[in-house]
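**Q** Prediction below, plus the sequence it came from.
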Amino acid sequence: MANLKEIRKRIGSVKSTQKITRAMKLVAAARLRKAQQAIQELRPYAVKTYEVLSSVAARTSDDEPETLHPLLQRREEKNVMLVVVTSDRGLAGAFNSGITKATERRWRELEAAGVNVCFAVIGRKGRDYLRRRHADIRHEFTGVFENLSVERAGEIGRFIMDEYTGKKLDACYLVYNEFKSAISQDVRVESLLPIVPMETDAEDVGDFIYEPSKPELLDRLLPMYVEVEVFRGLLESVASEHGARMTAMDSATNNASDMIDRLTLQYNRARQAAITTELMEIIGGAEALKG
Amino acid sequence: MAAVLNLEVATPTGLALKTDATSVAAPSVRGEFGVLPGHLPLLAALRCGVLEYVANGKKHVAAIGPGFVEAGPDKVLLLTDMIATPEDIDLSVVKAEYTAANEALRAFGERHEGPEFAELERDKEWAEARIKAHEMASAR
């Protein structure tokens, strides 16, 4: 039987752990609200950008491959970059491990197909993981989540596009958590480059009037799309992270409650037992004196 | 042919505007252009300026930042980084921004290049667009 003092100490420590997890849950919930709003506001913009882009790109398909915009050109995939988005902090349930698992799987698949795989990492957890695995990390973007902005996403987007147009890459995928709801996230591996426009029935609509010319427009539109997509990926990830942490901390808090209940029961039993033993001893002593 | 245009303005901070309009005018990089219902498909790059549209018989204005516009027979879709309606615009604040941007630009002197310069130029144009939108709204 564990002694009373020990149990009391354990109850104390579980209680203080519970305080921490509860505080983390509340913080995550507050941040989640903000992040959720940000992603929900950006989504229509991203979708519309993609629609506009697709309707232009659909009308360029009959162009010669040489004149096709570099970001639309498809090449044989020999060098592929995975852009891995994780969080800087842990304690978020399966949030980061889901990403690392998906990354690992895609990495194996590509390598088995004879493709060179390199990485760009956003977020400390993914970086640590890939460093441990001795991956070819081309670039580490750190501190992105401390002040997440369109500009920062643009920087990342431009880096990827430079690598791509410099023919150092033939394709680029974004691995991130898509925000579904506070309690569920989906790991997505999404093609970022080359840009794949949506299938549209362009024949019905006829051609556009372009202002300025079509190539000039694509020159502006395509990079913007990549930057918006990166930004969206980052916002999705942030919202997912807070959601995952909130859920994880909620169940941690509940587990702590259960444990405290169990320990309290144990403590009371031990106390009862001690009292009983003491009583028995007293009664025994009194009986002996009576003789 | 449809008699109204479905006007939508999408920005990174949400769908800023969604309304039925009977005419829309916006600034493209090649100058102002107007869209009436039944317009041919048009795709244009936008610069900073003033968006005008008529909805429910009333004329509205808003300052918009650079972006793109896709117009069709029955819709106008604007993609832009920024939008401000006259109610959002605090004239004294914007004027201060405008002066600050102008001064910073002057400090650049002859070197009219680099990302910082482009950013200042954009700030200046954005301030100009908002001042203009405000004036146009209060003129009526």
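**A** Perfect, thanks for sending it.
**Q** Can you tell me the closest non-neighbouring residue to A:Ile39?
**A** Excluding the flanking residues, the one nearest A:Ile39 by C-beta to C-beta, 6 or more residues apart in numbering or on different chains is A:Leu235, at 4.4 Å. To be clear about C-beta, it is placed using only N, CA and C from the backbone, and glycine gets the same treatment.
**Q** Can you tell me the SS state at that neighbour?
**A** Secondary structure, DSSP: H, G, I helix; E, B strand; the rest coil: A:Leu235 is helix.
**Q** List the contacts of the residue most central in space within chain B.
**A** The residue lying closest to the centre of chain B (C-alpha atoms, centre = their mean) is B:Ile64, at 2.3 Å. For B:Ile64, the contacting residues are B:9, B:26-27, B:46, B:48-51, B:78, B:80, B:82-83, B:129, by C-beta atoms under 8 Å, 6 or more residues apart in numbering or on different chains.
**Q** what ranges do the strands span in the stretch 51-200 of chain A?
**A** Shown for the stretch 51-200 of chain A, the strands assigned by DSSP state E, counting those that start in this stretch span residues A:79-85, A:116-122, A:137-141, A:171-181, A:184-193.
**Q** out of those strands, which comes closest to A:Gly98?
**A** In terms of C-beta to C-beta, the element of the strands of the stretch 51-200 of chain A nearest to A:Gly98 is strand A:184-193, at 4.6 Å.
**Q** Would the lengthiest helix in chain B count as contacting chain A?
**A** For chain B, the helix with the greatest residue count under DSSP state H is helix B:115-139. No - contact of helix B:115-139 with chain A (C-beta under 8 Å from any C-beta of the partner chain) is absent, the minimum separation being 9.5 Å.
**Q** can you pull the buried residues of that helix?
**A** Residues B:120, B:122-131, B:133-134, B:136-137 are the ones in helix B:115-139 that count as buried (16 or more other C-beta atoms under 10 Å in any protein chain shown).
**Q** so the residue nearest to the centre of chain B bridges to which residues?
**A** B:Gly49, B:Ile83 (DSSP bridges).
**Q** roughly how far apart are it and A:Lys78?
**A** Distance of B:Ile64 to A:Lys78, given as C-beta to C-beta, to the nearest Å: 43 Å.
**Q** again, but for A:Tyr50
**A** For A:Tyr50, the distance to A:Lys78 equals 27 Å [C-beta to C-beta].
**Q** These two: which is more packed in?
**A** A direct count of neighbours by other C-beta atoms under 10 Å in any protein chain shown for A:Tyr50 and A:Lys78 places A:Tyr50 higher, at 17 against 12.
**Q** who does the host helix or strand of the more buried one touch, helix- and strand-wise?
**A** According to DSSP states H and E, A:Tyr50 maps onto helix A:4-57. Judged by 3 or more C-beta pairs under 8 Å, 6 or more residues apart in numbering or on different chains; DSSP states H and E, helix A:4-57 is in contact with strand A:171-181, helix A:214-290, strand B:5-11, strand B:14-21, strand B:42-46, strand B:67-71, strand B:75-80.
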